[in-house]
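Asker: Give me a 3D structure for the following:
(one chain, ligands or ions: 1)
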Amino acid sequence: MKIIIKEGMKMDYRKFGSKYVLRLDKGDEIVESIKKLCEKEGIKLGMVTGIGATNKAVIGLFHTSSKEYHSKELTGDMEITSLVGNISQMDGEVYLHLHITLGDKDYNVYGGHLTSAVISATGEIIIDAIEGEVDREFNQEVGLNLFKF
Ligand code: ZN
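Answerer: This next block holds a predicted model:
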């Protein structure tokens, strides 16, 4: 099954039971691609794991005192040594919360909250869908959209 995300962006995937194996190609943006798959397949809750390579990523750190995300763009050849996160819902829409760890040419790693990352070689992502739904709600005290049960 292929999804055309937009001109020049495509991904291919297979479903096995409640799990989806997804291949992202050069130029595909990770967050947008996973969101599109969730929307197409009606995945409302689940886990995301992945590896691959990127050459352009925006990662962030949430500053708890100011309650703001500070972000940084990283460029150059990087291994996606770990992509991990979850799928939930907020205001009736797919809500992705993803974190990423990236290794550079000197084998240093950088990690943070994933805002976006463009695949430079391949992206191998596995989504484990959970039957159910979990919503999110903004928490004033923390400054984040937390799981709401
Ligand atoms: Zn985060």
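Asker: Can you classify residue 54 as helix, strand or coil?
Answerer: Of the three states, residue 54 takes strand under DSSP: H, G, I helix; E, B strand; the rest coil.
Asker: Any idea what it is bridged to?
Answerer: Here residue 54 shows beta-bridge partners residue 78, residue 119, assigned using DSSP bridges.
Asker: May I have the residues that are in contact with it?
Answerer: 30, 78, 80, 102, 117, 118, 119, 120, 123 (CB atoms under 8 Å, 6 or more residues apart in numbering). Every residue, glycine included, has its C-beta placed from N, CA and C.
Asker: do that again at 10 Å, thanks
Answerer: 24, 28-30, 74-80, 83, 100, 102, 114, 116-121, 123 (CB atoms under 10 Å, 6 or more residues apart in numbering).
Asker: Can you tell me which of those residues end up in strands?
Answerer: 24, 74-80, 83, 100, 102, 114, 116-121, 123 (DSSP state E).
Asker: Give me the buried subset of those.
Answerer: For the ones in strands among the contacts of residue 54, a burial check counting by 16 or more other CB atoms under 10 Å picks out 24, 74, 78-80, 83, 100, 102, 114, 116-120, 123.
Asker: now, which of the residues you listed sits nearest residue 36?
Answerer: Nearest to residue 36, judged by CB to CB, of these is residue 24 at 10.9 Å.
Asker: Run through the residues that contact the residue nearest to that closest one when sequence neighbours are not counted.
Answerer: Distances taken as CB to CB, 6 or more residues apart in numbering put residue 123 closest to residue 24, at 3.2 Å, once the chain neighbours are dropped. By CB under 10 Å, 6+ apart, the contact set of residue 123 is 11, 22-26, 28-30, 33-34, 50-54, 80, 83, 117.
Asker: Then residue 139?
Answerer: Residue 139 sits next to 67, 145, 146, 147, 148 when contact means CB under 10 Å, 6+ apart.
Asker: Of those residues, which belong to helices?
Answerer: Of the contacts of residue 139, none are assigned to helices by DSSP state H.
Asker: Report whether the expected contact of residue 133 with residue 90 is present.
Answerer: No: if you go by CB atoms under 10 Å, residue 133 and residue 90 don't touch, sitting 11.0 Å apart.
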